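>>> here is the input, now give the coordinates:
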Amino acid sequence: MILLHDFFLYVGGLCPVGTSLRALRALVLLAGFYLLVLAVLGVLVGAVVAAWIWASLAVALKVGVVVALLGFPLLRGVFALGASERGGVAGLPVTEDEQPELWRAVRSLAERSGTRAPDEIVLIGEVNAAVSEDSRLLGLLPGRRRLYVGVPLLIGLTEPQLHSILVHELGHYGNADTRLAGITLRGRDCVLRTVEAFRERERHRIDKARSRQEKAAAKAVQRGKPTKEVNTRGAGFGYRVMGRPFQAYARFYLRATHSVGRQQELAADRVAATVAGRDATASALRETAVLDAAHDFYLARYAMVGVQAGLLPPRGELFGGLRHLLTDPERRSGLAEMRDELPPDEASPYDSHPPVAERVRLIEALPDDGLAAPPSRPALALLCDAEQVLRELEAVVLTPEAQEMERVDWPELTHRAMHTLAESAAEPLRTALASEGRPVGTPAGMPAGTPPCTPAGASSAGASADLTALLDATDEGRLWLIADRLPKSPEAARASGRAAREFLRPALESGMDRLTELALVERAGARWALSWSERARLRLPGDEDVEEALTAAVRAASAAEPDTGPLRALLAHLPQAAAPPDRRAS
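Here you go, the predicted structure:
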């Protein structure tokens with residue numbers, strides 16, 4: 001007891017009282033996991049000993065095998081503590097010589113926050129900022145510090161807003177949060193790995209039982225005997241029972257550690273408001289929530305839209321292109337509305353961060369500190385040669401396969417990416433058309449089976465011929481025979497009559513729409529136009545928007561009583577392309 005008392009006195013000397021209590025709490029939670037493991041292992045070992053003493057040799061051997069199988073997931077969880085480390089974050093380290101202004105700002109903010117500055121600054125491609133520390137002796141001794149700064153934050157925030165975000169992260173250093181994060185995360189990893197190990201073994205048993213019963217049922221059908229319903233309720237019972245106490249402890253562990261994490265976030269917010277100012281901190285939280293949604297939208301709709309076609313935007317624009325979206329007048333209006341309407345509160349006890357709305361309310365309720373942020377330059381101005389930094393970050397973050405992709409400008413990327421997506425979406429309808437005896441890609445007037453004479457790589461060749469064949473089949477009353485060959489959900493496959501047609505109509509209209517778009521590209525040189533305000537739209541030469549007329553014509557052709565006239569008229573009045581379009585560009 002004297003040694004234990006001296007130990008905690010030592011801990012208290014190294015860390016503030018609150019930190020000592022949190023360290024003790026983390027150790028107790030981890031110790032609770034090992035006590036649970038020892039208790040369960042004790043029960044298993046006791047069962048084996050009892051079997052060897054009172055049961056026959058055969059029974060004892062069976063019990064030993066069962067105990068070994070049930071104990072394996074426990075051992076995985078126990079040894080996870082030493083084997084599990086958080087994977088390194090892919091990012092671009094920047095030195096003080098390379099980025100003196102950024103480093104100067106960080107050192108100044110660390111001094112004002114009353115904590116030691118980080119030893120490394122790493123730029124990352126996420127809407128996030130974070131800190132880590134290679135602490136020693138279970139977090140009791142400090143170690144090398146790293147500050148991670150998301151480039152999207154530099155792009156979307158002003159300098160005062162970024163200062164607030166950085167002070168928040170530095171506040172975690174001052175509260176010793178990073179020094180205790182290692183043991184907390186490792187303990188959580190042990191618990192979750194143990195739970196997942198039991199679930200994995202249970203799933204394996206269930207799959208094995210289902211496969212065995214399905215094979216037995218298939219043999220019964222072959223012999224003309226009645227089959228039994230597949231029943232896997234009893235499969236994996238032992239793993240299910242063994243996993244329940246660990247699932248309960250995992251819920252307790254997550255609730256306990258995340259409640260501490262939420263308190264740490266609120267404490268760091270207070271540090272940010274004190275150093276960077278109340279208004280800058282509140283606006284930074286609002287802006288970051290908006291920026292997170294905008295960045296996800298940008299990646300999905302712009303930066304990564306060409307991946308299926310093997311395309312990426314120009315070098316430096318994968319992250320830097322977010323600026324185009326944020327500065328577009330119409331997008332700015334929508335983002336302003338999002339900024340005023342914070343995400344709703346989330347009451348889950350497993351959230352590691354308090355709701356943004358709650359954090360903003362607490363900060364805005366603080367007294368006016370007179371530190372209202374004046375208009376200032378974007379935070380990206382802190383970087384020397386920002387364009388080069390954006391290119392270097394791509395080289396670090398992207399996989400080797402992604403770095404080999406073709407780089408094209410934004411208009412070309414938009415058109416070629418949308419063309420590839422249209423080809424993919426039209427493929428089921430073209431396959432259904434071919435299965436009805438209408439060869440895919442065979443130009444009108446050619447005998448069936450004649451391959452189209454088109455440049456290499458022109459996978460959309462013959463779209464006009466396919467559309468004409470589809471319209472001819474529609475006029476012959478065969479449209480729904482073709483539609484019936486489209487992929488169906490189980491519910492659609494069971495439907496018949498009018499209900500079946502309603503299930504198929506969305507896929508039919510989508511396929512017909514995409515096939516018509518491909519025909520417009522092929523016949524009239526139409527192209528998808530880039531817009532930072534709205535989705536890419538197909539336009540004819542001369543910037544004529546044809547989508548509304550196309551949609552109306554497709555609906556008429558796929559109606560209960562199909563009318564192909566509007567679609568044929570639309571195609572007939574289109575100007576013919578003077579030369580085949582550049583297939584590589586389309």
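>>> how about the CA coordinates for the lengthiest strand in the chain, as CSV?
Identified as the longest strand of the chain according to DSSP state E is strand 141-150. These are the backbone C-alpha positions of strand 141-150, laid out as CSV (Å, rounded to 0.1, in the frame of the first residue of the first chain):
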residue,chain,number,x,y,z
LEU,A,141,6.1,11.3,-19.5
PRO,A,142,5.7,13.7,-22.5
GLY,A,143,7.2,12.8,-25.9
ARG,A,144,7.5,14.1,-29.5
ARG,A,145,4.5,16.1,-30.6
ARG,A,146,2.9,16.3,-34.0
LEU,A,147,0.3,18.8,-35.3
TYR,A,148,-1.9,17.7,-38.3
VAL,A,149,-3.5,20.5,-40.3
GLY,A,150,-6.0,19.8,-43.0
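>>> in it, what counts as buried?
Within strand 141-150, the residues scored as buried using 16 or more other CB atoms under 10 Å are P142, R145, R146, L147, Y148, V149, G150. All C-beta atoms are positioned from the backbone trio N, CA, C, and that covers glycine.
>>> do the same with stretch 210-225
Q213, A217.
>>> contacting residues around it?
P226, T227, K228, V230, N231, T232, A235 (CB atoms under 8 Å, 6 or more residues apart in numbering).
>>> for the residues you listed, which one is nearest E502?
The nearest member of those to E502, counting by CB to CB, is V230 at 31.8 Å.
>>> let me know the secondary structure of the closest one.
Recorded secondary structure, V230: coil (DSSP: H, G, I helix; E, B strand; the rest coil).
>>> measure the closest residue to it other than its chain neighbours to R144 for me?
Once flanking residues are discounted, V230 sits nearest to Q213: 4.8 Å by CB to CB, 6 or more residues apart in numbering. In this view, Q213 and R144 are 56 Å apart by CB to CB, to the nearest Å.
>>> what's downstream of the one helix or strand I482 maps to, the next helix or strand?
Per DSSP states H and E, I482 falls inside helix 479-483. Remark: after helix 479-483, the chain's next helix or strand is helix 490-494, criterion DSSP H and E.
>>> which other residues reach that next one?
Residues contacting helix 490-494 (CB under 8 Å, 6+ apart): A500, F503, L504.
>>> ok, these vs R262, which is closest?
Set against R262, the nearest of the contacts of helix 490-494 by CB to CB is F503 (46.3 Å).
>>> measure how buried the closest one is and give me the count.
Counted with other CB atoms under 10 Å, the neighbours of F503 add up to 19.
>>> if we can go back for a sec, distance to K219 and secondary structure added to the contacts of helix 490-494, as a markdown table?
Listed next are the contacts of helix 490-494 as a markdown table, based on distance: CB to CB, whole Å; DSSP: H, G, I helix; E, B strand; the rest coil:
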| residue | distance to K219 | secondary structure |
| --- | --- | --- |
| A500 | 34 | helix |
| F503 | 35 | helix |
| L504 | 36 | helix |
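>>> which one of the residues you listed sits closest to E317?
Within those, the smallest distance to E317 is 40.5 Å, found for L504 (CB to CB).
>>> skip the chain neighbours and tell me the closest residue to that closest one.
A483 (4.7 Å).
>>> distance of the one you found relative to V396?
Counting by CB to CB, the gap between A483 and V396 amounts to 49 Å.
>>> who's more crowded, these two?
In terms of neighbours (other CB under 10 Å), A483 is the more surrounded of A483 and V396; the figures are 24 against 14.
>>> tell me which other helices or strands the helix or strand harbouring L421 touches.
Assigned by DSSP H and E, L421 belongs to helix 410-435. Counting contacts by 3 or more CB pairs under 8 Å, 6 or more residues apart in numbering; DSSP states H and E, helix 410-435 packs against strand 311-312, helix 463-475, helix 479-483, helix 497-524, strand 527-529.
>>> which stretch among the ones you listed comes nearest P100?
Of the helices and strands packed on helix 410-435, nearest to P100 by CB to CB is strand 311-312, at 31.0 Å.
>>> by contact count, what packs against that closest one?
Strand 311-312 packs on strand 406-407, helix 410-435, going by 3+ CB pairs under 8 Å, 6+ apart.
>>> listing partners with orientation, what would you give for it?
strand 406-407 (parallel) (DSSP bridges).
>>> which residue is nearest the middle of this structure?
Closest to where the C-alpha atoms of the chain average out (CA atoms, centre = their mean) is D296, at 8.6 Å.
>>> distance of that one from V290?
11 Å.
>>> what of E548?
E548 sits 31 Å away from V290, going by CB to CB.
>>> could you do T115 as well?
Counting by CB to CB, the gap from T115 to V290 is 29 Å.
>>> gap between stretch 301-308 and the chain center?
On the basis of CA atoms, centre = their mean, to the nearest Å, stretch 301-308 sits 14 Å off its chain's mean C-alpha point.
>>> what count of nearby residues applies to E330?
Neighbours of E330 (other CB under 10 Å): 11.
>>> tell me how many other residues crowd the residue lying closest to it once chain neighbours are set aside.
The spatial neighbour of E330 that comes closest, neighbours along the chain excluded (CB to CB, 6+ apart), is S533 at 4.1 Å. Using other CB under 10 Å, S533 has 12 neighbouring residues.
>>> what of T327?
For T327, using other CB under 10 Å, the count is 10.
>>> so I155 sits against E317, correct?
No: I155 lies out of contact with E317 (CB atoms under 8 Å); the separation is 11.6 Å.
>>> how about G114, phi and psi?
Backbone torsions for G114, taken as degrees, to the nearest 10, come to phi 80, psi 30.
>>> and the one 10 residues further on, by the same measure?
When quoted as degrees, to the nearest 10, the phi and psi of I124 stand at phi -130, psi 170.
>>> per-residue confidence at the closest residue to it other than its chain neighbours?
In this structure, I124 finds its nearest non-sequential neighbour in G91, 4.0 Å apart by CB to CB, 6+ apart. pLDDT recorded at G91 is 91.
>>> and the strands in this protein?
Under DSSP E, the chain gives strands at 92-94, 120-124, 129-136, 141-150, 311-312, 406-407, 527-529, 537-540, 544-545.
>>> ok, of those strands, where does mean pLDDT dip lowest?
strand 129-136 (a mean of 78).
>>> please name every helix or strand in contact with that one.
So strand 129-136, by 3+ CB pairs under 8 Å, 6+ apart, packs with strand 141-150, helix 159-174, helix 177-222.
>>> name the helices or strands packed onto the shortest one?
Contact here means 3+ CB pairs under 8 Å, 6+ apart; on that basis strand 141-150 packs against strand 120-124, strand 129-136, helix 159-174, helix 177-222.
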